[in-house]
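Peer 1: no letters, just coordinates:
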């Protein structure tokens, strides 16, 4: 990475599909200075609500399988990375857009096998085997936490939003040890009602409970339970999940900064866009 810029200009913030204007505003001077500079994009820009809808690629898939879609609705071609799709044993589909790029750039040297965890509103767990993404699953942990906190009776017991390490740990362990968590969710209210959990710790407890349940479910689904876990996230979420995994007696590593940029470079190289081979 030679330089970087960022802006809160995701598809939900762009009015009337003005993606070209947003790109010119962010990087117009870079593009003007180098007319041959290729543009590669990933994530929701390739969704139905994005610049151009790009079909999903079925797993297993490597960087070279993600054939870049050429979009010509800009001053020069924009090459969009397709997302990935899989179906579970019941035939139900799951998808990702953008996370595949971070996965292919998770490591600084070469693509390494293992289990990748990308937490967020919709957490993704993905398994890489022989350089291919062979399995992944989505967990709506972050969005469920926000909905429960703001729109259910559980939120009425929450006072403040400070972190509480002990409450978080208790929630993680209780969620991780369950085979089902619909019943256990109510504990965020009853523990506070009986004075066994401070109301200032309810939010941390509820977060831990959901993350613990996510980890348990992912471990039950993944095809290689002994695979090394690497977390790709911003520092706050990275620390939260790293701590939660430790409470579950699971070791994890942390991806180096710049996973998305490295992933874009490797996918572009694998598609012959750079005249190089992916490293």
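Peer 2: Right, received. Where do you want to start? Please read all numbers here as calculations on a predicted model, not as lab measurements. Numbering: from 1, shown residues only.
Peer 1: would you mark the buried spots in stretch 248-260?
Peer 2: Across stretch 248-260, burial judged by 16 or more other CB atoms under 10 Å covers 248, 252, 254, 255, 259, 260. Every C-beta, even on glycine, is put in place using the N, C-alpha and C of the backbone.
Peer 1: in this structure, which spans are strands?
Peer 2: Under the criterion DSSP state E, the chain carries strands at the ranges 39-41, 57-58, 69-71, 78-80, 84-87, 93-96, 114-118, 123-129, 132-139, 229-231, 252-254.
Peer 1: so for residue 166, which of these sits nearest?
Peer 2: Distance to residue 166, taken as CB to CB, is lowest for strand 252-254 among those, at 21.0 Å.
Peer 1: need the buried residues of stretch 248-260 in JSON lines (columns: distance to residue 86 and pLDDT).
Peer 2: Shown next, in JSON lines, are those (distance: CB to CB, whole Å; pLDDT from 0 to 100):
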{"residue": "248", "distance to residue 86": "25", "pLDDT": "95"}
{"residue": "252", "distance to residue 86": "23", "pLDDT": "95"}
{"residue": "254", "distance to residue 86": "26", "pLDDT": "93"}
{"residue": "255", "distance to residue 86": "22", "pLDDT": "93"}
{"residue": "259", "distance to residue 86": "21", "pLDDT": "95"}
{"residue": "260", "distance to residue 86": "21", "pLDDT": "96"}
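Peer 1: could I get those residues as TSV with distance to residue 239?
Peer 2: Formatted as TSV, the buried residues of stretch 248-260 follow (distance: CB to CB, whole Å):
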residue	distance to residue 239
248	15
252	11
254	9
255	13
259	17
260	20
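Peer 1: and which of those is nearest residue 198?
Peer 2: The closest of the buried residues of stretch 248-260, once distances to residue 198 are taken by CB to CB, is residue 248, at 23.4 Å.
Peer 1: excluding chain neighbours, what is closest to the closest one?
Peer 2: Of all residues not flanking residue 248 in the chain, residue 176 sits nearest, at 4.9 Å (CB to CB, 6 or more residues apart in numbering).
Peer 1: contacts only, for the one you found.
Peer 2: 212, 213, 215, 216, 247, 248 (CB atoms under 8 Å, 6 or more residues apart in numbering).
Peer 1: hang on, isn't residue 173 packed against residue 249?
Peer 2: No - applying CB atoms under 8 Å as the test, residue 173 and residue 249 come out as separate, 10.1 Å apart.
Peer 1: can you pull the pLDDT of the closest residue to residue 55 other than its chain neighbours?
Peer 2: Closest residue to residue 55 in three dimensions, ignoring its sequence neighbours and counting by CB to CB, 6+ apart: residue 82, at 6.1 Å. If you check residue 82, the pLDDT there is 98.
Peer 1: list the contacts for residue 82?
Peer 2: By CB under 8 Å, 6+ apart, residue 82 lies in contact with 46, 54, 55, 56, 57, 66, 67, 68, 69.
Peer 1: follow-up on the earlier one: between the buried residues of stretch 248-260, which sits nearest residue 273?
Peer 2: Taking CB to CB as the measure, residue 273 lies nearest residue 260 of the buried residues of stretch 248-260, at 16.3 Å.
Peer 1: run a quick neighbour tally on the nearest residue to that closest one once chain neighbours are set aside.
Peer 2: Using CB to CB, 6+ apart and skipping the chain neighbours, the partner closest in space to residue 260 is residue 102 (5.2 Å). Residues near residue 102, counting by other CB atoms under 10 Å, number 25.
Peer 1: give the contact list for residue 102.
Peer 2: Residues in contact with residue 102 (CB under 8 Å, 6+ apart) are 118, 232, 255, 259, 260, 263.
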